[in-house]
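Engineer: sharing a sequence plus its predicted fold:
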Amino acid sequence: MLTGRQRDRGRESSMTEVIGIVEDIVFRNEENGFSVIGVREEGTNHLITAVGNFPFISQGERVRLEGEWTTHPAYGQQLKMLTYSSAAPSSLVGLESYLASGLIKGVGPSTAHKLVQHFGLDVLDIIQFNPQRLVEVDGIGPSRADMIASSFSEQKEIREVMIFLQSYGITTAYALKIYKEYGGNTINVVRENPYRLAEDIIGIGFKTADRIARSMGVDPNSPYRAAAGIKYVLSNAASEGHTYLTKEELLSKAGNLLTVEGSLLENALTNLTLPHSLVMEQTEAHTAVYLAGLYQAEAGTARMLRDLAADYTIKQFKRTKEKIKRFEEDNDIRLADQQREAVIGAMQHGVIIITGGPGTGKTTTINCIIELLAQEGLKVELAAPTGRAAKRMTETTGREAKTIHRLLEYGFGEDPDEGFQRNEDNPIKADAVIIDEMSMVDILLVYHLLKALVQGTRLIMVGDVDQLPSVGPGNVLRDMIQSGVIPVIQLTEIFRQAQESMIIVNAHRINHGEHPILNAKNQDFFYDKRETVDDVLKTLIDLTVRRLPGFGKYRSLQDIQILSPMRKGIIGVNNLNTELQKVLNPPAPSKSEKASGEIVYRQGDKVMQIKNNYRLQWKKSGEDGQACEGEGVFNGDMGFIQDIDKEEQTLTVLFDDDRTVVYDFSQLDELELAYAVTIHKSQGNEFPVVILPLISGPPMLMTRNLLYTGVTRAKEMVVLVGRERMIQRMIQNNHIAMRYSGLDNRLKQAFGMALL
């Protein structure tokens with residue numbers, strides 16, 4: 001039977017208006033807001049099913065719906081919603097259900113009950129017009145009252161914005177990000193220039209902005225569109241590791257993307273260079289086009305490295321060889337010739353690079369350098385790109401090591417937009433800075449580091465050039481080495497103790513193009529032959545849940561890490577995380593959870609931050625028991641979900657370096673499950689046990705340095721699972737993806753060398 005105030009009761013497709021209470025949310029897609037809801041219609045008390053995009057509808061909410069009746073072949077009669085609006089609940093039960101829905105931050109079921117009991121039918125007016133009275137309710141203080149009032153006001157404003165944005169296909173998660181950026185001015189900003197979204201909102205690319213612009217009727221030949229397309233191509237190139245593109249390649253890619261005339265792109269490119277949004281530079285080989293920030297970073301890095309390296313006022317030390325000998329005697333060791341050369345070089349030069357694979361003594365070399373510098377009364381700062389790498393550096397040196405971002409004090413100032421607080425005006429107070437895992441450092445980070453170093457500061461960079469390059473743009477370590485202008489000491493000798501580890505032996509064999517030694521007796525490097533992806537998946541789960549914990553008392557979550565070469569497929573990261581979550585952290589009444597997109601986040605889940613967020617706040621207890629706090633959580637940081645608070649709409653993660661971070665639900669796209677991660681994302685991290693599924697993949701991905709990087713992430717054990725011929729294929733594939741980067745030549749120019 002059709003219900004509701006219908007304009008034409010005799011036809012199923014007629015428009016209908018329904019006013020009622022949302023009694024049940026049967027289904028909701030968190031990404032696009034599409035929902036199936038049960039609404040109890042006022043007057044008739046009839047329960048109807050409505051379908052449509054309801055971005056913020058909540059259980060208990062009173063709504064006014066307008067739509068058409070349809071009949072679903074499986075689910076029967078439904079109201080297909082075309083428009084809807086919120087209407088204040090008219091009963092105490094409805095008000096309590098509405099407030100308890102989680103729609104308003106700071107109000108959960110118990111608080112909703114107290115509010116309705118105290119204020120009755122006036123509760124919504126109190127929240128909106130007289131929120132200071134909320135403190136009359138037990139458990140609500142001034143700050144919480146402000147939060148409730150602010151959230152309620154925001155919800156009223158955001159509904160109009162959300163409906164506007166979702167009419168152009170923008171998902172709920174991104175609509176929230178857009179609203180947070182532009183606030184009440186969102187609709188005006190998007191209508192004026194939708195391409196701003198691609199620049200201002202992390203995660204919204206040109207294609208999404210272009211789709212919105214097209215649906216708004218923006219001319220495909222608009223200068224806004226051409227400029228946005230060019231910037232998008234360059235930004236996409238930066239995400240692939242390039243600091244620039246050749247003009248020819250840039251125009252070709254932009255032309256394919258935009259399908260407009262070349263003259264329009266030429267004009268747009270010229271117009272972008274006039275205000276220095278882009279920089280064009282003629283080299284001997286081609287015209288390079290940079291995003292302005294990357295050009296500044298690359299040119300500035302070369303200049304500052306030259307200034308540090310060419311500083312003849314840097315303090316020189318006497319009797320270094322004698323001091324090295326004393327260090328050897330005190331620690332009952334003997335340095336290899338290359339190690340001794342590295343220590344002497346660090347004491348002589350303003351800038352030096354020490355590179356080598358696992359087991360070649362980089363840690364011992366660093367410890368000797370630290371000891372000798374300390375003997376001279378110099379202050380030494382230690383840093384690494386990731387929290388795990390910094391923690392490992394602390395453990396191996398016995399001295400505090402920080403992440404580079406923490407060393408540069410990102411966001412510690414009153415104005416978070418100031419960025420790194422350590423810079424040329426407020427330099428790092430140190431006589432020497434030692435950076436580990438230098439292969440991970442991209443051009444932007446090394447630029448900011450160098451800006452914070454004054455003349456006379458030694459810079460000692462340590463890394464493994466054979467690992468994968470940085471996730472961010474540039475090829476910093478390789479370019480610095482290839483330039484030939486910075487002193488480089490390469491450690492190649494594998495120490496006898498390291499030779500007892502098949503992880504280290506096989507890592508070097510792989511790096512030299514040799515097949516690893518598999519399943520040597522009583523060793524730490526194993527191969528489990530499996531020929532199908534289904535068998536590989538079963539084996540991975542069995543190893544993680546049963547075999548390895550039983551073999552070495554390894555903890556499934558804390559000690560064992562699966563590193564997959566790829567994201568997609570049965571043994572790709574996405575599916576592995578779904579399958580491993582089922583067995584390692586299944587749902588339970590005691591565990592709160594939150595669905596976001598295709599991921600269900602659950603209390604106890606292992607997670608990883610997947611993008612740099614310089615403004616996320618963290619707290620940590622210091623060694624002295626004093627709490628410290630700061631800002632910045634970075635791509636690759638790993639931890640565990642401690643709590644999910646649906647009332648506050650927050651998720652709390654404890655990261656491996658003991659930082660606690662509280663995420664708003666709208667920020668969950670910055671996290672992903674980390675029972676399995678890609679080898680690329682594992683850079684800078686080290687795990688007791690690493691399992692590598694190797695069965696298939698594209699040649700461009702399945703390379704020698706990918707396998708080498710994966711193997712060198714293990715501290716105690718490696719297990720390869722899959723086909724031996726794939727292992728051999730990767731070892732034979734020494735392809736290194738080319739990156740457009742000008743640092744090599746800039747260093748040669750800066751140091752006065754002729755270009756080759």
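Structural biologist: Thanks, I have it. Numbers count the residues shown, from 1 in each chain.
Engineer: show me the shaky parts of the stretch 101-250 of the chain.
Structural biologist: Residues of the stretch 101-250 of the chain that meet the criterion pLDDT under 70 lie in 101-103, 159, 163, 166, 169, 171-173.
Engineer: what are the ranges of the helices in it?
Structural biologist: 109-119, 123-129, 142-166, 172-182, 186-192, 196-200, 206-215, 223-239, 247-258 (DSSP state H, counting those that start in this stretch).
Engineer: can you lay out the ones you listed as a markdown table showing distance to residue 308 and mean neighbour count?
Structural biologist: C-beta: built from backbone N, CA, C; applies to glycine. A markdown table is the format used below for the helices of the stretch 101-250 of the chain (distance: least, Cβ to Cβ, whole Å; neighbours: other Cβ atoms under 10 Å):
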| stretch | distance to residue 308 | mean neighbour count |
| --- | --- | --- |
| helix 109-119 | 58 | 18 |
| helix 123-129 | 58 | 16 |
| helix 142-166 | 48 | 17 |
| helix 172-182 | 38 | 20 |
| helix 186-192 | 43 | 15 |
| helix 196-200 | 34 | 19 |
| helix 206-215 | 39 | 19 |
| helix 223-239 | 26 | 21 |
| helix 247-258 | 33 | 17 |
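Engineer: between the ones you listed, which gets nearest to residue 302?
Structural biologist: helix 223-239 (18.2 Å; Cβ to Cβ).
Engineer: tell me the angle the closest one makes with helix 206-215.
Structural biologist: Angle, helix 223-239 to helix 206-215, by axes from the mean of the first three to the mean of the last three Cα atoms, to 10 degrees: 160 degrees.
Engineer: what helices or strands is helix 223-239 leaning on?
Structural biologist: helix 196-200, helix 206-215, strand 244-246, helix 247-258, helix 262-273, strand 278-282, strand 287-291 (3 or more Cβ pairs under 8 Å, 6 or more residues apart in numbering; DSSP states H and E).
Engineer: so can I have a markdown table of these showing distance to residue 44?
Structural biologist: Shown next, in a markdown table, are those (distance: least, Cβ to Cβ, whole Å):
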| stretch | distance to residue 44 |
| --- | --- |
| helix 196-200 | 43 |
| helix 206-215 | 38 |
| strand 244-246 | 64 |
| helix 247-258 | 54 |
| helix 262-273 | 59 |
| strand 278-282 | 63 |
| strand 287-291 | 61 |
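Engineer: shaky segments in the stretch 551-700 of the chain?
Structural biologist: 622-625.
Engineer: in CSV: the helices of the stretch 101-250 of the chain, plus distance to residue 489.
Structural biologist: Output for these, formatted as CSV (distance: least, Cβ to Cβ, whole Å):
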stretch, distance to residue 489
helix 109-119, 63
helix 123-129, 67
helix 142-166, 55
helix 172-182, 46
helix 186-192, 53
helix 196-200, 43
helix 206-215, 44
helix 223-239, 31
helix 247-258, 37
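Engineer: nearest to residue 334, out of these?
Structural biologist: Per Cβ to Cβ, nearest to residue 334 of the helices of the stretch 101-250 of the chain: helix 223-239, 45.7 Å.
Engineer: next, residue 69: phi, psi?
Structural biologist: Note on residue 69: backbone dihedrals following degrees, to the nearest 10 are phi -80, psi 140.
Engineer: wait, it touches residue 78, no?
Structural biologist: Yes. A contact is recorded between residue 69 and residue 78 when judged using Cβ atoms under 8 Å, the distance being 7.5 Å.
Engineer: longest strand anywhere in this protein?
Structural biologist: strand 15-28 (DSSP state E).
Engineer: just the CA trace of it, in CSV.
Structural biologist: Coordinates of the C-alpha atoms in strand 15-28 are reproduced here as CSV (Å, rounded to 0.1, in the frame of the first residue of the first chain):
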residue,chain,number,x,y,z
MET,A,15,6.2,12.4,-6.4
THR,A,16,5.6,11.6,-2.7
GLU,A,17,6.5,13.5,0.5
VAL,A,18,7.1,11.6,3.6
ILE,A,19,7.8,12.9,7.1
GLY,A,20,9.0,10.5,9.7
ILE,A,21,11.7,9.2,12.1
VAL,A,22,14.7,7.2,10.8
GLU,A,23,14.2,4.0,12.7
ASP,A,24,16.9,1.9,11.1
ILE,A,25,19.9,2.4,8.7
VAL,A,26,19.9,-1.0,6.9
PHE,A,27,22.9,-0.2,4.7
ARG,A,28,25.3,2.7,4.2
